[in-house]
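K.L.:
dropping a prediction and its sequence here:
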Amino acid sequence: MVLSSEDQKILQSFLWYMTARKTALRTALKFRTPLSTGDCIDMRIHYSNYFINLISAVDLIFEQKKFKDDDLQKTLHSQFSFEDFPDGKSNYLYIHEIRNAIVHRGLDITANAHIKNNFVLIIAPEKIPNRLGSKSYKSFAKYLLDIIRKCESTICSIMFSFLDKNGIFESDIDTKSSEEEYKLSIDQNKVMPEPIKKLAQKIGIKPEWILGSVDKGYNLRFLEIT
């Protein structure tokens, strides 16, 4: 499989979302009481960004026509199922609507919490309505951290396996089209000085520069929450 320039952008975007989700969660988990007003705002932002980036990564892959997204959707709905909450589709729509409520309705995901040993245990919203308010989805855990644990252990694994199955990580790069796009981007750059443009045009682009250090271990490593 050869990754076109557009494929590369999609993969870069996916990896960005997954990295941003990881950074948001790592930062959110550092907060301890007592919390200042600023801490409360920052904690809300980071927990919100976890769901925004996770769901954006999934939606990005859903939108790609080259993948059989029905297979991915069926897998998500079947595997995002738990002992006391067997409806995987409802569970997934719950976190999807959390993201929508954060983005479109300003949901404060950290509004309710318990404190244990100075750690803030956010209480997950009991129900989340869809945008029209015509249907609600129930939480499948009391605490938001347990929701996140299940997302990390299930959704991240499913996404990785799906992309791996589609040959993304073993793909070659369309070097020719990448070189053409690289040169075009230099030509159209309005802030780069002309002498630097001429120098840049002489430098041949290498495939590893395009995707950087894309590897299974670093970019999609699951976060361990202890």
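P.N.:
Cool, got the structure.
K.L.:
so where does the spatially most central residue of the chain fall, helix or strand?
P.N.:
Nearest residue to the geometric centre of the chain (C-alpha atoms, centre = their mean): Leu54, 3.0 Å. Per DSSP states H and E: Leu54 is located in helix 37-62.
K.L.:
report all helices and strands that that helix contacts.
P.N.:
helix 5-28, helix 69-79, helix 88-105, helix 156-165 (3 or more C-beta pairs under 8 Å, 6 or more residues apart in numbering; DSSP states H and E). Where C-beta positions appear, they are placed from N, C-alpha and C, glycine not excepted.
K.L.:
give me the nearest residue to the residue nearest to the centre of the chain, chain neighbours excluded.
P.N.:
Distance criterion C-beta to C-beta, 6 or more residues apart in numbering; nearest residue to Leu54, sequence neighbours excluded, is Arg21 at 4.7 Å.
K.L.:
please report how far that neighbour lies from Thr27.
P.N.:
11 Å (C-beta to C-beta, to the nearest Å).
K.L.:
more neighbours: which of those two?
P.N.:
When Arg21 and Thr27 are compared for neighbours, Arg21 comes out ahead with 24 against 16, by other C-beta atoms under 10 Å.
K.L.:
give the contact list for that one.
P.N.:
By C-beta atoms under 8 Å, 6 or more residues apart in numbering, the residues touching Arg21 are 49-50, 53-54, 57.
K.L.:
mind redoing it with 6 Å?
P.N.:
Residues near Arg21 by C-beta atoms under 6 Å, 6 or more residues apart in numbering: 50, 53-54.
K.L.:
just those now: which is nearest Asn112?
P.N.:
Nearest to Asn112 among the contacts of Arg21, counting by C-beta to C-beta, is Tyr50 at 17.1 Å.
K.L.:
low-confidence stretches in the protein?
P.N.:
Scanning the chain with the threshold set as pLDDT under 70 gives 1-4, 66-70, 169-182, 203-226.
K.L.:
isn't His114 right up against Leu121?
P.N.:
Yes. The criterion here is C-beta atoms under 6 Å, and His114 meets it with Leu121 at 4.6 Å.
K.L.:
so between those two, which is more surrounded?
P.N.:
Leu121 (16 against 11).
K.L.:
for the more buried one, identify the helix or strand it belongs to.
P.N.:
Going by DSSP H and E, Leu121 is in strand 119-122.
K.L.:
okay, that strand in PDB with CA atoms only?
P.N.:
Output of strand 119-122 as PDB, limited to C-alpha atoms (Å, rounded to 0.1, in the frame of the first residue of the first chain):
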ATOM      1  CA  PHE A 119      -7.000  13.100  44.300                       C
ATOM      2  CA  VAL A 120     -10.100  14.500  42.500                       C
ATOM      3  CA  LEU A 121     -12.400  11.700  41.400                       C
ATOM      4  CA  ILE A 122     -14.700  13.300  38.800                       C
END
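K.L.:
just checking: what are the partner strands of the next helix or strand along the chain from it?
P.N.:
Going down the chain from strand 119-122, the next helix or strand is strand 127-129, by DSSP H and E. Next to strand 127-129 in the sheet, as set by DSSP bridges, lie strand 136-138 (antiparallel).
K.L.:
which SSE is immediately downstream of the partner strand?
P.N.:
Assigned by DSSP H and E, the successor of strand 136-138 is helix 144-150.
K.L.:
off-centre distance for that following helix?
P.N.:
Its chain's C-alpha centre and that of helix 144-150 lie 15 Å apart, by C-alpha atoms, centre = their mean, to the nearest Å.
K.L.:
by contact count, what packs against it?
P.N.:
Applying 3 or more C-beta pairs under 6 Å, 6 or more residues apart in numbering; DSSP states H and E, we find helix 144-150 packed against no helix or strand.
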